[in-house]
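[1] Just to be clear, the model below is a prediction. Sequence and coordinates:
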Amino acid sequence: MFEERPQQEIDALMQSNPEFKKLYQRHKELDKKVLDAELGVLPIDDVTLVQMKREKLATKDRLFRIYEAQRH
């Protein structure tokens, strides 16, 4: 998700900002669940999958807002 950002910045932000760390971990969890669902490994209905994708996107948006706010 933050591949183009310096890993040191992400690590420092996770240490200094508990909300960022929690959201980062949640995003990784959702990313894995969505991928597993799309591959058929995790059997879930379409409504749940859409909800997970929406939550994942909202989490990513919040992470980027926190990241950008810390940089300025």
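    Cool, got the structure. Numbering: from 1, shown residues only.

[2] When you work out contacts or count neighbours from here on, use the C-alpha atoms and nothing else.
    Noted.

[3] Isn't Lys33 up against Val41?
    No: contact between Lys33 and Val41 fails when scored by CA atoms under 8 Å: they sit 9.1 Å apart.

[4] Of the two, give the one with the bigger neighbour count.
    Lys33 (19 against 11; other CA atoms under 10 Å).

[5] Quick one: the helices in this structure, in order.
    Applying DSSP state H to the chain gives helices spanning 7-16, 18-39, 46-71.

[6] May I see the buried residues of the last one?
    Along helix 46-71, the positions that meet the burial threshold by neighbour count (16 or more other CA atoms under 10 Å) are 49, 52-53, 56, 59-60, 62-63, 67.

[7] what's the angle between it and helix 7-16?
    Relative orientation of helix 46-71 versus helix 7-16 (axes from the mean of the first three to the mean of the last three CA atoms, to 10 degrees): 100 degrees.

[8] and which of the buried residues of helix 46-71 is nearest to Met1?
    For the buried residues of helix 46-71, the residue nearest Met1 by CA to CA is Lys60; the value is 8.0 Å.

[9] contacting residues for the closest one?
    By CA atoms under 8 Å, 6 or more residues apart in numbering, Lys60 lies in contact with 23-24, 27.

[10] Go through those and say which is closest to Glu4.
    Closest to Glu4 out of the contacts of Lys60 is Tyr24 (15.4 Å), distances taken as CA to CA.

[11] returning to what we had before: please tabulate the helices of the chain in JSON lines, including the columns mean pLDDT and distance to Met1.
    Below are the helices of the chain laid out as JSON lines (pLDDT from 0 to 100; distance: least, CA to CA, whole Å):
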{"stretch": "helix 7-16", "mean pLDDT": "94", "distance to Met1": "11"}
{"stretch": "helix 18-39", "mean pLDDT": "97", "distance to Met1": "9"}
{"stretch": "helix 46-71", "mean pLDDT": "96", "distance to Met1": "8"}
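
[12] Not counting sequence-adjacent ones, nearest residue to the most centrally placed residue in the chain?
    Most central in the chain under CA atoms, centre = their mean is His27, positioned 2.3 Å from the mean C-alpha point. Using CA to CA, 6 or more residues apart in numbering and skipping residues adjacent in sequence, the residue nearest His27 is Lys56, 5.7 Å away.

[13] Alright, calling it a day.
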